[in-house]
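S.K.: The following block contains a protein sequence and its predicted model.
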Amino acid sequence: MELRILGCSGGEAEGERLTGLLVNRILAVDAGSLTQALTVEEQIGVRHIFLTHSHLDHICTLPFFTKNIFGHTHAPVRIRALPETLDALRRHLFNDELWPDFSVIPSPDDPTILYSEIEPERCYELDGLRITPIRVNHLVPCVGYKVEDGKDAFIFTSDTAETDRIYEVANATPNLRLFVTEASFPNEQDWLAEASKHLTPAKLGRELKKLKADVPVGIYHLTPGDKPVLLPQIQAIGDPRVRLLKQGERFAW
Ligand SMILES: [Zn+2]
Ligand SMILES: [Zn+2]
């Protein structure tokens, strides 16, 4: 399995791309950076998109992506997400006001994108991969994903405050190679983390005590302007598994 980190920042700035992972060149998890990180040819190669939730930093390149692939694909790209997330896309994004409704373009029978509802804890098998959504604890309905092939697995929690289930799943995954989770705001902004359902480094440190596996823990979603404060606080957790996830890095298992 090949995992490419297209973007992993909690904000957008020069050199800071929003959330997006690409697996085996064909499956995208979240769409915060598809069009900045990939060539048009690479974008046309993306066949499945699994979204974690509706927040803009996880979906914002979908309009430009659909325009790029329009007319270049033989089958619609399937966008899979919770019903609430798909509903938000239909109502607020692909609504002909902010962007054309590519779920009926060029025609309802042969659209550019297809919406497909996912169910937490159900395993989706496609192109040699198995993807399982697991509900996490965020401001809007949100899932993390376990992604595996026959041999290896990684888990991406997406945006989440304190949560248990995805750690139970991680602990029941013997072939886990990487666990990715977030730290969004400095410890001084605990109130903001509470209000927006994110983690501070202190909260992250407590969360990681639930993870039993000795695997790398990639931290993502740092607020760019707060990095100088966040980095020492993440280091202070004192967990040797913890490292920052890097934009552009690739994992191969
Ligand atoms: Zn979010
Ligand atoms: Zn986010």
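M.R.: Sure, I can see it. Residues are numbered from 1 along each chain as shown. Ligands and ions are numbered 1, 2, ... in the order given.
S.K.: Run through the bridge partners of the nearest residue in space to R241 that is not next to it in sequence.
M.R.: Leaving aside its sequence neighbours, R241 sits nearest to V217 (CB to CB, 6 or more residues apart in numbering; 4.5 Å). C-betas here are computed from N, CA, C, even on glycine. V217 has the following beta-bridge partners by DSSP bridges: F179, V242.
S.K.: Tell me which residues touch V217, please.
M.R.: L178, F179, V180, T181, L208, L211, D239, R241, V242, R243 (CB atoms under 8 Å, 6 or more residues apart in numbering).
S.K.: swap in H92?
M.R.: L98.
S.K.: pLDDT score assigned to it?
M.R.: We note a pLDDT of 98 for H92 in this prediction.
S.K.: about what we covered before: for ligand 1, state which of the contacts of V217 is nearest.
M.R.: Nearest to ligand 1 among these, counting by CB to the ion, is T181 at 13.0 Å.
S.K.: How about that closest one, nearest residue that isn't a chain neighbour?
M.R.: Using CB to CB, 6+ apart, the closest residue to T181 is T157 (4.3 Å).
S.K.: Backbone dihedrals for that neighbour, both of them.
M.R.: For T157, the backbone dihedrals (degrees, to the nearest 10) come out as phi -80, psi -20.
S.K.: of all of the stretch 101-250 of the chain, which residue lies closest to ligand 2?
M.R.: For the stretch 101-250 of the chain, CB to the ion, closest residue to ligand 2: D159, 4.3 Å.
S.K.: Tell me how many other residues crowd that residue.
M.R.: 28 (other CB atoms under 10 Å).
S.K.: tell me the contacts of it?
M.R.: T52, H53, H55, H58, V136, H138, C142, E182, S184, K197, H198, H221.
S.K.: was I right about the residue nearest to T181 contacting I166?
M.R.: Yes. The pair T157 / I166 is scored as a contact, 5.4 Å apart, by CB atoms under 8 Å.
S.K.: any residues in contact with both of the two?
M.R.: V136, G144.
S.K.: for the protein, what spans make up the helices?
M.R.: Secondary structure of the chain (DSSP state H): helices at 34-37, 40-44, 56-59, 62-69, 83-92, 165-171, 190-196, 201-208, 227-235.
S.K.: okay, the contacts of V217 in CSV with distance to ligand 2 next?
M.R.: What follows is the contacts of V217, written out as CSV (distance: CB to the ion, whole Å):
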residue, distance to ligand 2
L178, 19
F179, 17
V180, 13
T181, 12
L208, 19
L211, 21
D239, 22
R241, 22
V242, 19
R243, 20
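S.K.: Now for whatever residue of the stretch 1-150 of the chain ends up closest to ligand 1, how many residues are close by?
M.R.: Taking CB to the ion, ligand 1 has its nearest neighbour within the stretch 1-150 of the chain at H55, 3.5 Å off. Burial of H55 is recorded as 22 neighbouring residues (other CB under 10 Å).
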